[in-house]
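A.B. asks: Pasted the sequence and its predicted model underneath.
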Amino acid sequence: MVRRGKSFFLFLIIIAIIVAAFFTNPDEQAHKDAIRVKSADILKEIVAERSDGVSAVAWQMAGEQLLTGFINSNVTVDNYYLFSIPKINWDGKSYPIGAGAFGKVYITKHLNRDIVQPILEDMEDKVKDSLPDILKQLF
């Protein structure tokens, strides 16, 4: 009888963990927010290391807005109900870059400069295209 009680108690604990995981699985917006923060930090590092003015101007003028647009159109989240996996889709490839569970989003080291660099280059191109012709020659 004692063994049966322990088994039942263990069963209840497992059920409680599963229910907690289900109800605290982060939503898509939580994943996008975590990716935005991590990407912005990496982009700021890259911009600070560069000596050209285009990167700094691009980040100052439209960095956050373009980063948000990129994330909204290129990040998907696979929801497995108890946990979720955010992915960046770029150049026909899908890069899993983290996991979400129990109300937290964990971004892995796979979200790095190699993934973020094309975002910065895209921002620079958009800023260059929006500049008047006289300023384009400076950059």
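C.D. replies: Cool, the structure landed. Residues are numbered from 1 along each chain as shown.
A.B. asks: how about the CA coordinates for the longest strand along the chain, as PDB?
C.D. replies: In the chain, with assignment by DSSP state E, the single longest strand is strand 84-90. The C-alpha coordinates for strand 84-90 follow below in PDB (Å, rounded to 0.1, in the frame of the first residue of the first chain):
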ATOM      1  CA  SER A  84       8.300  26.200 -27.900                       C
ATOM      2  CA  ILE A  85      11.100  26.800 -30.400                       C
ATOM      3  CA  PRO A  86      11.700  30.200 -32.000                       C
ATOM      4  CA  LYS A  87      13.300  30.100 -35.500                       C
ATOM      5  CA  ILE A  88      14.700  32.800 -37.800                       C
ATOM      6  CA  ASN A  89      13.900  32.100 -41.500                       C
ATOM      7  CA  TRP A  90      16.500  33.700 -43.800                       C
END
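A.B. asks: Show me what secondary structure element comes after it.
C.D. replies: Scanning forward in sequence from strand 84-90 by DSSP states H and E, the next helix or strand is strand 93-96.
A.B. asks: what's the helix or strand hosting Phe9 in contact with?
C.D. replies: Per DSSP H and E: Phe9 is located in helix 2-24. Residues from elsewhere that reach helix 2-24, judged by C-beta atoms under 8 Å, 6 or more residues apart in numbering: Tyr81, Leu82, Phe83, Ala101, Phe102, Gly103. Where C-beta positions appear, they are placed from N, C-alpha and C, glycine not excepted.
A.B. asks: Excluding residues flanking it in the chain, which one is nearest the fifth one?
C.D. replies: For Phe102, ignoring the flanking residues on the chain, the nearest one in space by C-beta to C-beta, 6 or more residues apart in numbering is Thr24 at 4.9 Å.
A.B. asks: show me the contacts for the spatially most central residue of the chain.
C.D. replies: Nearest to the mean C-alpha position of the chain, counting by C-alpha atoms, centre = their mean, stands Ile35 at 2.1 Å. Residues near Ile35 by C-beta under 8 Å, 6+ apart: Ile71, Val75, Pro86, Ile88, Ile97, Gly98, Ile107, Leu111.
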